[in-house]
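Q: Show me the folded form of this:
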Amino acid sequence: MRRLEGYFKGLADANRLRILNLLLVGELCGCDIQRLLGLSQSNVSRHLSYLRQVGLTKDRRDGNRIFYRLDGSGDRTIDSLLGLLREAFSVESALRHDLARLRVQTKQGPCSVGEVPGRRGSSNAAGKRQSH
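A: Just a heads-up that it's a prediction; the model follows:
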């Protein structure tokens, strides 16, 4: 019962719901979530940390970047909950808008926070990137 309570506490915030909506599509870097949702790095990190603590997400580090994904551990409760969320999110216009922005942003490539437009991969842009 305690685990289920944690899942629902994790869902009790609009920003965490928006993050989960994006992660239903697949793994994302914290910087991309930050850019998509227009939130500060500390705000996004706090919400992602909470989602990880309650067991809804997992993360992995790749250099100075941290990538987040839904916890696909095969837990039937999580799988059922995510199916319900997928259905509920599909009728919410703000969440559909976030997904549309995600499609546009993924065309530009991952981890685009702090980069100068038109200068992807330049040493100047990469040097300004902070840990996320």
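Q: Just give the number of residues close to D79.
A: Using other C-beta atoms under 10 Å, D79 has 14 neighbouring residues. C-betas here are computed from N, CA, C, even on glycine.
Q: any idea how far it lies from L28?
A: Distance of D79 to L28, computed by C-beta to C-beta, to the nearest Å: 20 Å.
Q: ok, L85 - contacts?
A: Neighbour list for L85: L11, L17, L20, N21, L24 [criterion: C-beta atoms under 8 Å, 6 or more residues apart in numbering].
Q: How about L11?
A: The neighbours of L11, taking C-beta under 8 Å, 6+ apart as the test, are L17, L20, L85.
Q: try R3
A: Applying C-beta under 8 Å, 6+ apart, we find R3 in contact with G55, T77.
Q: Strands along the chain, start to end?
A: Ranges of strands within the chain are 28-29, 57-62, 65-70, based on DSSP state E.
Q: what number of residues lie near G109?
A: If you count neighbours by other C-beta under 10 Å, G109 ends up with 11.
Q: now swap in C111 and tell me
A: C111 has 21 neighbouring residues, counting by other C-beta under 10 Å.
Q: pLDDT wise, what is it at?
A: Looking at C111, its pLDDT is 71.
Q: what does V104 give?
A: Confidence at V104, expressed as pLDDT, is 90.
Q: Give me the distance between R18 and E27.
A: Relative to E27, and taking C-beta to C-beta, R18 is found at 16 Å.
Q: Closest to L37 out of the contacts of L11?
A: Distance ranking of those against L37, using C-beta to C-beta, places L17 first at 10.8 Å.
Q: Excluding covalently adjacent residues, which one is nearest to that closest one?
A: Leaving aside its chain neighbours, L17 sits nearest to L11 (6.3 Å; criterion: C-beta to C-beta, 6 or more residues apart in numbering).
Q: Over to the one you found: give its phi and psi.
A: Here is the backbone geometry of L11 (degrees, to the nearest 10): phi -90, psi 0.
Q: Out of the contacts of L11, which sit inside helices?
A: L17, L20, L85 (DSSP state H).
Q: Save these as JSON lines, and put in distance to H47 and pLDDT too.
A: Below are the ones in helices among the contacts of L11 laid out as JSON lines (distance: C-beta to C-beta, whole Å; pLDDT from 0 to 100):
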{"residue": "L17", "distance to H47": "10", "pLDDT": "97"}
{"residue": "L20", "distance to H47": "10", "pLDDT": "97"}
{"residue": "L85", "distance to H47": "15", "pLDDT": "95"}
